[in-house]
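Student: Here is a sequence together with a model predicted from it:
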Amino acid sequence: MITNAMPSGAVAHWFPGRPGAPTLLVLPALGVIARHYQRFAEAAQAQGFPVLTLDYRGQGDSDLVISRETRFGYADLVTGDLTEAITWARQQQTGPVVLVGHSLGGQLALALESMAPGEFDGLALVAAGTPHWRAFTGRARLVPLVLPTVFAGMARAQGVFEGRGFGFGRQSAQLIGDWARIARIGSWSKTPRVLPNRSFPLLAVSFGNDRLAPVSAVNALVRFFPCATTTRAHFGEPSGHVGWLKQPDVAVDALNQWASEIFSPEKK
């Protein structure tokens, strides 16, 4: 594994693979550090994929310490952390770059595509949905309708979001504010952004008993990419929002089958 600290403060972890194979660039969930994706990276690497796992600024191996003076949100992660990681990944390998967005990572992939279309060659949403409350059903709507707004209020009052007790880590108040805005109105940005209309391959994987990214929320996120060629998969096990990190073979096998069909030499 090769580690690279980038100018934004993010840190990339590189797992080499077969030259020319699609590079899987993992965009983590909120507060989930790169080390938790190592099992997935090693399983994908065994299938020949080069893999880059990412610690956003202020997370994991990043030297940035988030404080009341820290100011960054979705747009900053897109123009800094994601853009730098994609550039570095392309320098390591000649194959296509596929973003693997988990939860927040899927939302950041959408933000990237709306701000700078064409930065990636394919997108895999794994347990990634929109947190917009309308994408949930029944009583489940109460969680995205209430909690993100409460967390954003706490973050504004404290200057940072102390989310470690909730499994979300210590985060910038601005980032939590952007997340809460999506939960309320369906968009992270205060100003309207044109929806992406580029055609690219998209794989969306959901899991049973995932309360943070249920099927309805995953499908709602997929609809933001109307021109993508979408492959949809749902698995009952491993269940939950992060179970696949401990049992990554299901996700890796789905990615391998999809990538073989989409990016094989005869398809080019």
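Tutor: Alright, I've got the coordinates. Numbers count the residues shown, from 1 in each chain.
Student: Please, where are all the strands along the chain?
Tutor: 2-5, 11-15, 23-27, 51-55, 97-101, 122-126, 160-163, 169-172, 201-207, 229-235 (DSSP state E).
Student: Other residues contacting the second one?
Tutor: Meaning strand 11-15. 1-6, 34, 41-42, 44-45, 50-55, 60-62, 84-85, 88-89, 92 (CB atoms under 8 Å, 6 or more residues apart in numbering). Where C-beta positions appear, they are placed from N, C-alpha and C, glycine not excepted.
Student: ok, of the residues you listed, which come out buried?
Tutor: Buried by 16 or more other CB atoms under 10 Å: 6, 34, 41, 44-45, 50-55, 60, 62, 84-85, 88-89, 92, out of the contacts of strand 11-15.
Student: How many residues are close by residue 138?
Tutor: Counted by other CB atoms under 10 Å, the residues lying close to residue 138 total 6.
Student: Quick check, residue 109 in contact with residue 120.
Tutor: Yes. The pair residue 109 / residue 120 is scored as a contact, 7.4 Å apart, by CB atoms under 8 Å.
Student: Who has more neighbours out of the two?
Tutor: residue 109 (28 against 22).
Student: Could I get the contacting residues of the residue nearest to the more buried one when sequence neighbours are not counted?
Tutor: In this structure, residue 109 finds its nearest non-sequential neighbour in residue 101, 4.4 Å apart by CB to CB, 6 or more residues apart in numbering. Residue 101 makes contact with 27, 107, 108, 109, 123, 124, 125, 126, 128, according to CB under 8 Å, 6+ apart.
Student: can you pull the contacts of residue 181?
Tutor: Contacts of residue 181 (CB under 8 Å, 6+ apart): 187, 188, 189, 190.
Student: Show the pLDDT at the last one.
Tutor: Among the per-residue scores, residue 190 holds a pLDDT of 81.
Student: how far away is it from residue 30?
Tutor: As judged by CB to CB, to the nearest Å, residue 190 and residue 30 stand 20 Å apart.
Student: Residue 25 - how many residues pack around it?
Tutor: 26.
Student: Verify the contact between it and residue 44 for me.
Tutor: No. Residue 25 is beyond contact range of residue 44, at 11.2 Å (criterion: CB under 8 Å).
Student: residues near residue 237, how many?
Tutor: 12.
Student: List phi and psi for the closest residue to it other than its chain neighbours.
Tutor: Nearest residue to residue 237 in three dimensions, chain neighbours excluded: residue 208, at 6.8 Å (CB to CB, 6+ apart). Main-chain dihedrals, residue 208, degrees, to the nearest 10: phi -70, psi 150.
Student: quick one: residue 208 and residue 244 touch, right?
Tutor: No. With contact defined as CB under 8 Å, residue 208 does not count as touching residue 244 (11.0 Å).
Student: who's more crowded, these two?
Tutor: A side-by-side neighbour count of residue 208 and residue 244, using other CB under 10 Å, places residue 244 first with 25 against 14.
Student: May I have the residues that are in contact with the more buried one?
Tutor: Going by CB under 8 Å, 6+ apart, the list of residues near residue 244 reads 40, 126, 127, 207, 238, 250, 251.
Student: residues in contact with the closest residue to the second one other than its chain neighbours?
Tutor: So the one you mean is residue 126. The shortest distance from residue 126 to any non-neighbouring residue, by CB to CB, 6+ apart, is to residue 205 (4.8 Å). Counting by CB under 8 Å, 6+ apart, residue 205 makes contact with 124, 125, 126, 127, 233, 234, 235, 251, 254.
Student: Let me have those residues in a markdown table, adding distance to residue 138, pLDDT and neighbour count as columns.
Tutor: Shown next, in a markdown table, are these (distance: CB to CB, whole Å; pLDDT from 0 to 100; neighbours: other CB atoms under 10 Å):
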| residue | distance to residue 138 | pLDDT | neighbour count |
| --- | --- | --- | --- |
| 124 | 28 | 98 | 30 |
| 125 | 23 | 98 | 29 |
| 126 | 24 | 98 | 29 |
| 127 | 20 | 98 | 28 |
| 233 | 24 | 97 | 18 |
| 234 | 19 | 98 | 12 |
| 235 | 22 | 97 | 16 |
| 251 | 27 | 98 | 25 |
| 254 | 28 | 98 | 19 |
